[in-house]
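Undergrad: sequence and predicted model, in that order:
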Amino acid sequence: MIKKIITACFILSSGYSIAQGCSDAGFCTLGNLNPLHQKTGKQKLTIGITNGIGDEGVYVLTPSLKYDYKINSAWEIQAKLTSNYSSGNLGSAFGLGDLFINAQHTFNAASKWKTSLLIGTKLPLNNANLMVNGKSLPMQYQSSLGTVDAIAGLSITNNKWLFATAVQLPLTHHNGNQFLPSTFGNAAALKYPASNNFNRKADILIRANYEISATKKFNLNVGLLSIYHIANDSYKDALVSNDYIEIKGSKGITLNLTTAASFMLSKKITIGFLAGAPVAVRDVRPDGLTRSFSLNTDLIFNF
């Protein structure tokens, strides 16, 4: 067991040191899409916290609270609340993030291979326009993308494998962010991409995970996570025109190597870790989701 824990910590720390994030708009760890998703207990409460370093050295701390309720062997519902603190060379900001609500149906719960469908939504708790000294901060500092999204996912699992695909589709096509580098009044702002009335496109997720070690108390799995951003994002530059300006290079694939580990501290409490390191990334990610360092820890209570 000690060797397995040391191995897990080594893999996780290796991932953290070079992780660039997964361009995740929130759906990577929902329900049946989560490699740490567990079906033990009728109810589950997860306290999560992520420490990360974003573009231009912005420190990001993201606490979250997630509640799962298992209605029966076929149906589960889940709600997740996020918040975000960020600090960098343009200032600091804190705000509530998003509320995720989803339902999951498992079609063949008693079979060796289980198929599950997830349907949900993301509701923003602000319009992505947190400010400092009356000036709108770039997306790297925002606690939400500011859009209402629809989420749908499908997973196929057995006792070793997880295969999943999902789509996250913005239903509102722009947020309330007002950041333009040239009007911020700080030379450091010129290194951040413009995001005034930011219009973010949809993502498609494909995930494959394999369990390489498992005991009654310990689990370690590795996998590949691909997120395809289907089109270039855009913004409005009021100094040029009132038309949207396409952000070249923001379309494309982000491919990550991932690892997830969990350890059961007691019958009712489990601690879990998630990490990812990029194999390929998009040229530009103006949504502010890039991470040069990321550590995600979950404390899970089953009852």
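TA: Looks like it arrived, so ask away. Numbers count the residues shown, from 1 in each chain.

Undergrad: for residue 66, which residues are in contact?
TA: Going by Cβ atoms under 8 Å, 6 or more residues apart in numbering, residue 66 touches 44, 45, 46, 48, 78, 79, 80, 81. No exception for glycine: its C-beta is placed from N, CA and C like everyone else's.

Undergrad: likewise for residue 284?
TA: 193, 247, 248, 249, 250.

Undergrad: pull out the buried residues from these.
TA: The neighbour-count test (16 or more other Cβ atoms under 10 Å) marks 193, 247, 250 as buried among the contacts of residue 284.

Undergrad: save those residues as JSON lines, and put in secondary structure too.
TA: Formatted as JSON lines, those follow (DSSP: H, G, I helix; E, B strand; the rest coil):
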{"residue": "193", "secondary structure": "coil"}
{"residue": "247", "secondary structure": "coil"}
{"residue": "250", "secondary structure": "coil"}
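
Undergrad: mind putting those into TSV with distance to residue 288 and pLDDT?
TA: Shown next, in TSV, are these (distance: Cβ to Cβ, whole Å; pLDDT from 0 to 100):
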residue	distance to residue 288	pLDDT
193	9	92
247	12	95
250	12	93
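
Undergrad: what is the nearest of these to residue 142?
TA: Closest approach to residue 142 among these (Cβ to Cβ): residue 193, at 12.7 Å.

Undergrad: what's the spacing between the closest one and residue 146?
TA: Distance, residue 193 to residue 146, using Cβ to Cβ, to the nearest Å: 16 Å.

Undergrad: with residue 68 instead?
TA: Relative to residue 146, and taking Cβ to Cβ, residue 68 is found at 26 Å.

Undergrad: do the same with residue 163
TA: In this view, residue 163 and residue 146 are 32 Å apart by Cβ to Cβ.

Undergrad: quick one: which of these two has more around it?
TA: residue 146 (24 against 16; other Cβ atoms under 10 Å).

Undergrad: and the more buried one, what pLDDT?
TA: What the model reports for residue 146 is a pLDDT of 95.

Undergrad: repeat that for residue 299.
TA: 96.

Undergrad: for it, what is the enclosing helix or strand?
TA: Taking DSSP states H and E as the definition, residue 299 sits inside strand 293-302.
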